[in-house]
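Peer 1: only geometry, no sequence info:
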């Protein structure tokens, strides 16, 4: 990451939090970053685990998620994928793939993202999911809108919100457009359940199967 080091000298220290034992998210904000510099940083980071970049019109956020963040996003992903399996949907997950468009001056790496079917290299996911433990300075919905992502979920402070893209931007909705049969209230409640992830996923599958028998 040596090539990116001079750029990080412009980082805003007020937006950076040092994590104790990896428990908290670490966030660094860098201003006045050109598109070329953003792509240089992405190349320097490569597939390095635990660092996600968000770019919007010259502002770059680098976030290293802590353990609680990763645990919640993994559980949410497992629940979504279990639902798709039970509903026999052709859902494909692409994790934190980089989605970027130079003409929009925006780029993002969601916690999880999905399509029904498959997405080509450089394509746009149909659903992006973000677990919010620490808010940055960039408006994530502005980034996703500029990229044309049809649906975005935020899980923050125990609440799951769904945002659907329309002609005038995102509107919050009570149901997913991509997964309309999914009960968002039940999903959010399971995200709060105590215990290991596998036990929670089993409970979710049991609920889905019971509902399917009615």
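Peer 2: All right, it came through fine. Everything numeric here is computed off the predicted structure, so don't read it as measured data.
Peer 1: now the helices for this protein?
Peer 2: Assigned by DSSP state H, the helices in the chain fall at 5-8, 35-45, 67-86, 140-147, 184-191, 197-213.
Peer 1: Please point out which parts of the second one sit buried.
Peer 2: Okay, so that is helix 35-45. The neighbour-count check on helix 35-45 (16 or more other C-beta atoms under 10 Å) flags 35, 37, 38, 41, 42, 45 as buried. All C-beta atoms are positioned from the backbone trio N, CA, C, and that covers glycine.
Peer 1: Would you mind pulling up the elements that it packs against?
Peer 2: helix 5-8, strand 52-56, strand 59-64 (3 or more C-beta pairs under 8 Å, 6 or more residues apart in numbering; DSSP states H and E).
Peer 1: Please produce CSV containing those, extended by distance to residue 170.
Peer 2: Formatted as CSV, those follow (distance: least, C-beta to C-beta, whole Å):
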stretch, distance to residue 170
helix 5-8, 30
strand 52-56, 15
strand 59-64, 19
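Peer 1: what about the protein, any weak spots by pLDDT?
Peer 2: By pLDDT under 70, the low-scoring segments of the chain are 1-22, 47-49, 213-214.
Peer 1: Give me the buried stretch members for the longest strand seen in the chain, please.
Peer 2: Ranked by residue count under DSSP state E, the longest strand found in the chain is strand 159-166. For strand 159-166, a neighbour-count test (16+ other C-beta under 10 Å) marks 160, 162, 163, 164, 165 as buried.
Peer 1: contacts for it?
Peer 2: Among residues not part of strand 159-166, those counted as contacts by C-beta atoms under 8 Å, 6 or more residues apart in numbering are 141, 144-145, 148-155, 170-177, 184, 187-188, 191.
Peer 1: What of stretch 66-74?
Peer 2: Counting by C-beta under 8 Å, 6+ apart, 19, 22-26, 65, 111-112, 129, 131, 133, 155, 191, 197 sit against stretch 66-74.
Peer 1: In that stretch, which residues are buried?
Peer 2: 66, 69, 70, 72, 73.
Peer 1: Same question for stretch 133-144.
Peer 2: Residues of stretch 133-144 classed as buried by neighbour count (16+ other C-beta under 10 Å): 133, 136, 138, 140, 141, 143, 144.
Peer 1: any idea which of these is the one closest to residue 97?
Peer 2: Taking C-beta to C-beta as the measure, residue 144 is the one of these closest to residue 97, at 13.7 Å.
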